[in-house]
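> 3D model of this:
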Amino acid sequence: MKKKLLVILLVALSLVLAGCGGTAEAPETIKVGAVVPLSGPFAGGGAQVQRGYEMAVASINEAGGVFVEEFDAQIPLELILLDDESDPNTTVAHLESLNSDEQVVAYLGGFGSSLHAAAAAIAEKNQIPYIGVAFALQGPHNEGYEYLFSPFPKSPDLSDSLFEMVTAYTTEENRPTRVAIFQEATDWGVEMGTLWQESAPKYGYEVVVYEEYAPGTTDYTDLILKAQEADANMVLALPTPPDGIALYRQMGELGYTPDFSFMVRAADVPTWRDLGTVGDYVVLAPGWHNAMTYPGVDELNAAHVEMMDRPADPMVGPAYSAIQILVDAIERAGTLDRQALRDAIAETDMTAMIGPVTFREDGTGVVVTPYLQYQPDGIQLVWPMEFATADLIIPAPPFAER
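Numbers count the residues shown, from 1 in each chain. Predicted coordinates for the structure are as follows:
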């Protein structure tokens with residue numbers, strides 16, 4: 001009887017010691033799934049997003065990986081990146097495979113709000129945290145999704161702040177107050193166009209042209225002539241890169257030079273430079289600029305110069321920040337459990353490559369909204385003024401004088 005009791009006590013003691021001193025077996029890597037457009041109309045922006053993700057993962061792994069308290073170990077990140085070819089259906093299929101085949105702990109998005117909108121529903125269904133940059137569409141955040149997070153300026157941020165910037169840089173004498181909106185016939189096009197219409201009169205601007213066009217349109221003559229005839233001196237649009245380049249090239253051919261042009265998304269990619277001087281003076285809002293002097297930006301620029309022979313492109317910073325946010329959440333959660341990770345992301349309060357980041361209840365990020373402008377000597381940061389590398393050039397000189 002005493003021997004049996006001794007055996008029981010020894011077994012119990014061994015279990016207690018195992019519970020106190022042992023840990024669960026750590027995975028070899030922390031798998032993170034990213035679906036990014038590397039071909040198709042969004043490929044130019046997707047390439048920048050890919051570069052930002054890969055640079056961040058390399059930097060974190062070189063430093064030893066991510067500490068996960070549950071395993072009492074530093075674990076490297078494994079980025080599994082798939083090309084959705086700029087097709088939302090492919091985005092969905094890849095996200096499903098990343099869940100079923102790879103059991104990723106989190107999703108990262110690509111470039112383009114239409115792709116993110118498709119992805120958000122899948123992340124919610126699979127209950128996997130999703131972090132999306134290059135994603136200004138507000139609509140998906142109104143669906144009550146709990147796993148969707150976007151540390152990126154949203155449509156409401158892009159509406160009021162745009163008019164605030166133009167007003168700050170102009171006087172009543174030189175302010176372009178007659179607005180033409182070229183609205184893409186998509187959910188985001190309607191959302192952004194509606195917000196611009198609502199914001200314009202609050203700041204003393206008048207919408208004199210509101211025209212809709214289908215994605216993939218090749219002839220914008222009618223839109224341009226209507227804006228010319230209405231004497232619109234401000235143009236606001238959010239075309240895809242191919243559409244925006246075609247639109248602006250035709251504006252140059254027709255000699256229509258608005259004092260101020262804002263091209264969301266289209267001007268974010270390096271191919272905008274194919275327009276030559278016609279593409280100068282256009283304003284863009286890619287979510288970041290390499291002159292925003294937050295911690296780590298200098299090092300990122302140096303690494304990017306070594307890789308690409310130029311400072312970091314506009315979408316590299318937001319993509320890099322998405323990885324920083326994810327790593328911060330994993331380390332605070334102390335586990336790779338998806339629900340715990342989702343809760344930790346929701347409580348984010350940190351400074352990333354893009355600056356201070358927190359999240360609202362709907363998953364939208366409270367972040368800085370920068371504006372850039374193509375100027376003859378390169379892309380310049382013009383807003384916020386505290387970081388500006390140059391003043392906004394307004395009015396833009398006529399095409400014939402460039």
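> Assumed Leu392 was part of a helix.
No: using DSSP: H, G, I helix; E, B strand; the rest coil, the assignment for Leu392 is coil, not a helix.
> measure it to Val278 for me?
19 Å (C-beta to C-beta, to the nearest Å). No exception for glycine: its C-beta is placed from N, CA and C like everyone else's.
> Thr170: what's it in contact with?
176, 394 (C-beta atoms under 8 Å, 6 or more residues apart in numbering).
> Just the buried positions in stretch 91-107, please.
91-92, 94-95, 98-99, 104-107 (16 or more other C-beta atoms under 10 Å).
> average pLDDT across that stretch?
The average pLDDT within stretch 91-107 is 98.
> Quick one: residues in contact with it.
30-35, 80, 82, 84, 110, 115, 118-119, 122-123, 126, 128-131, 326, 330, 336, 338, 341.
> residue ranges with poor pLDDT in this protein?
1-23 (pLDDT under 70).
> for the stretch 251-400 of the chain, what spans make up the helices?
Secondary structure of the stretch 251-400 of the chain by DSSP state H, counting those that start in this stretch: the helices cover 297-308, 316-333, 338-346.
> Quick one: closest of the ones you listed to Leu247.
Nearest of the helices of the stretch 251-400 of the chain to Leu247, taken as C-beta to C-beta: helix 316-333 at 24.8 Å.
> circling back: of the helices of the stretch 251-400 of the chain, which stretch is the most buried?
helix 316-333 (a mean of 25; mean count of other C-beta atoms under 10 Å).
> Could you list which of the contacts of stretch 91-107 belong to strands?
30-35, 80, 82, 130-131 (DSSP state E).
> and of those residues, the nearest to Asn61?
Ile30 (10.1 Å).
> any idea how far that closest one lies from Gln74?
The value you get for Ile30 to Gln74, if C-beta to C-beta is used, is 10 Å.
> Which one's more surrounded, those two?
Counted by other C-beta atoms under 10 Å, Ile30 and Gln74 do not tie: Ile30 has more neighbours, with 23 against 14.
> Return the distance of the more buried one relative to Gly65.
Taking C-beta to C-beta, one finds Ile30 at 8 Å from Gly65.
> tell me, what's touching these two both at once?
75-77.
> CSV for these, including distance to Ile354 and neighbour count?
Converted to CSV, these look like this (distance: C-beta to C-beta, whole Å; neighbours: other C-beta atoms under 10 Å):
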residue, distance to Ile354, neighbour count
Ile75, 25, 19
Pro76, 24, 16
Leu77, 19, 21
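> a markdown table for the residues you listed, including secondary structure?
Formatted as a markdown table, the shared contacts of Ile30 and Gly65 follow (three-state DSSP):
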| residue | secondary structure |
| --- | --- |
| Ile75 | strand |
| Pro76 | coil |
| Leu77 | strand |
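> Just the closest of those residues to Val316, please.
Leu77 (17.2 Å).
> on that earlier part again, what about Leu392 and Val278, which has more around it?
Ranked by neighbour count (other C-beta under 10 Å), Leu392 and Val278 place Leu392 first, with 22 against 19.
> need the contact list for that one.
165-166, 169, 283, 371, 373, 382-383.
> and with 10 Å instead?
Contact analysis of Leu392 by C-beta atoms under 10 Å, 6 or more residues apart in numbering lists 165-166, 168-170, 260, 281, 283, 371-373, 375, 380, 382-383, 385.
> sorry, back to before: among the buried residues of stretch 91-107, which are in helices?
Secondary structure defined by DSSP state H assigns 91-92, 94-95, 98-99 of the buried residues of stretch 91-107 to helices.
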